[in-house]
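Novice: just need the structure, nothing else, for what follows:
(one chain, ligands or ions: 1)
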Amino acid sequence: RALEASSSARAAPTIFENEFSLKDRVALVTGANRGIGLEMALALTEAGARTVYCVDLPKERGEEFQRVEAYVGKMEGKGRLEYISADVTDQETMWKIGEKIGSAEGRMDVCIAAAGILKGDMSCLDYPAERFKEVLAVNVNGVLYTAQAAGRQMAKFDNGGSIILIGSISGSGANQGHPWVSYNTSKSAVLQMARSMACELGPKRIRVNTISPGYINTTMTGQFLEKRPELLEKWCSNNPMGRIGRPDELRGATVWLASDASTFCTGSDIVVSGGHHAW
Ligand code: NDP
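Specialist: Coordinates of the predicted model:
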């Protein structure tokens with residue numbers, strides 16, 4: 001039967017446009033007020049998603065978000081972004097958000113867990129317990145609760161789905177001069193979380209993968225470089241492409257993983273780093 005499934009010819013050949021299309025799909029994206037999360041939310045909308053629910057910490061929509069929201073509003077016949085204020089570390093709230101989306105839309109197709117924090121630059125020998133807990137709460141627990149919120153709805157509607165967890169090249173390596181013990185530990189956990197969830201949810205046709213970016217120009221890296229500007233040169237010289245990346249350079253991997261163009265890809269880590277590996 002397995003052989004049959006893998007060799008079953010399609011009734012009619014599809015063109016790339018169909019396979020990559022997210023027409024009518026519904027998505028949940030966290031950390032979507034700015035940076036990588038926002039860029040990914042926009043990419044899903046441009047690929048045809050009906051509604052992209054953008055979760056971020058309670059605050060006014062940022063300027064970056066408002067600009068993208070206005071742009072999406074002008075895209076005729078395309079979907080919309082819906083902003084939800086919530087903290088991903090609150091499991092109950094995240095599950096409720098999933099349920100609300102499920103009842104409003106009657107489906108859940110794509111989930112991107114992009115909310116993350118970087119608090120480090122302190123020796124691993126002195127790293128305070130509270131800060132370690134704080135980073136893991138967002139980067140690990142928050143990612144799990146987000147995946148649960150969407151995955152429970154995907155399972156309920158029994159229509160498959162694609163969950164994308166945002167890892168990092170810091171999840172499989174560590175850089176000298178970057179005392180990021182909490183961040184690196186958390187991103188490593190995300191890679192393993194995706195593999196575990198992929199094994200469990202495969203029979204339900206729910207795929208779970210990670211995208212691991214290298215250094216990308218966002219507020220997160222900007223704030224870090226403000227304190228240690230000398231590192232930019234190091235990041236660029238360590239990169240075969242001689243530069244850091246832009247958030248929009250993650251769009252292709254995002255749409256590919258979210259769409260039917262990647263239906264046999266699960267438990268995988270897609271590295272988008274310009275060839276830079278942290279170790
Ligand atoms: P940003 O800091 O620019 O954006 C992260 C967003 O997540 C912010 O809007 C932030 O809100 C929000 N957020 C933080 N904590 C929570 C929470 N508890 N609940 C809900 N939202 C929250 O980061 P990036 O866009 O650079 O990073 C996005 C993801 O990509 C992260 O997981 C990061 O680790 C990962 N990544 C980034 C890389 C890079 O070079 N930029 C490289 C590799 C991975 P607020 O503004 O209020 O803090």
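Novice: what's the local residue count around the closest residue to residue 259 other than its chain neighbours?
Specialist: Spatially, and ignoring its direct neighbours in sequence, residue 259 is nearest to residue 20 (4.9 Å; Cβ to Cβ, 6 or more residues apart in numbering). For the C-beta atoms, the positions are set from N, CA and C on the backbone; glycine is no exception. Taking other Cβ atoms under 10 Å as the criterion, the count of residues near residue 20 is 18.
Novice: right, and residue 20 touches residue 255 too?
Specialist: Yes. The pair residue 20 / residue 255 is scored as a contact, 5.8 Å apart, by Cβ atoms under 8 Å.
Novice: can you list the weak-confidence ranges in this protein?
Specialist: Along the chain, segments meeting pLDDT under 70 span 1-15, 77, 278-279.
Novice: what segments of it are helices?
Specialist: In the chain, the helices defined using DSSP state H lie at 2-7, 16-20, 35-46, 63-73, 91-105, 129-136, 142-157, 181-201, 219-227, 231-237, 251-258.
Novice: that older thread, between residue 20 and residue 255, which contacts overlap?
Specialist: Counting by Cβ atoms under 8 Å, 6 or more residues apart in numbering, the contacts common to residue 20 and residue 255 are 47, 261.
Novice: can you name the residue of the stretch 51-200 of the chain nearest the ligand?
Specialist: Per Cβ to the nearest ligand atom, residue 116 is where the stretch 51-200 of the chain lies closest to the ligand, at 2.2 Å.
Novice: neighbours of that residue, how many?
Specialist: Neighbours of residue 116 under the rule other Cβ under 10 Å: 25.
Novice: how many other residues sit next to the nearest residue to it once chain neighbours are set aside?
Specialist: Nearest in space to residue 116, with sequence neighbours left out and distances taken as Cβ to Cβ, 6+ apart, is residue 139 at 5.0 Å. By other Cβ under 10 Å, the residues close to residue 139 number 28.
Novice: my guess is residue 139 meets residue 191, correct?
Specialist: No. In this structure, residue 139 is not within contact of residue 191 by Cβ under 8 Å, at 11.7 Å.
Novice: what do the two both touch?
Specialist: With contacts defined as Cβ under 8 Å, 6+ apart, no residue is shared by residue 139 and residue 191.
Novice: neighbouring strands - and their directions - for the strand ranked longest in the chain?
Specialist: In the chain, assigned by DSSP state E, the strand with the most residues is strand 206-213. The partner list of strand 206-213 in its sheet, established with DSSP bridges, is strand 161-166 (parallel), strand 269-272 (parallel).
Novice: can you add distance to the ligand and give the ones you listed back as CSV?
Specialist: Shown next, in CSV, are the strands paired with strand 206-213 (distance: least, Cβ to the nearest ligand atom, whole Å):
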stretch, distance to the ligand
strand 161-166, 4
strand 269-272, 9
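Novice: would you list these in JSON lines and tack on mean neighbour count and distance to residue 50?
Specialist: Putting the strands paired with strand 206-213 into JSON lines (neighbours: other Cβ atoms under 10 Å; distance: least, Cβ to Cβ, whole Å) gives the following:
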{"stretch": "strand 161-166", "mean neighbour count": "27", "distance to residue 50": "14"}
{"stretch": "strand 269-272", "mean neighbour count": "18", "distance to residue 50": "25"}
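Novice: how about CSV for the ones you listed, with distance to residue 206 added?
Specialist: What follows is the strands paired with strand 206-213, written out as CSV (distance: least, Cβ to Cβ, whole Å):
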stretch, distance to residue 206
strand 161-166, 5
strand 269-272, 17
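Novice: which one of those lies closest to residue 69?
Specialist: Proximity of the strands paired with strand 206-213 to residue 69 was assessed by Cβ to Cβ; the nearest stretch is strand 161-166, lying at 21.2 Å.
Novice: just give the nearest non-adjacent residue to residue 212, would you?
Specialist: Spatial nearest neighbour of residue 212, excluding adjacent residues (Cβ to Cβ, 6+ apart): residue 167 at 4.1 Å.
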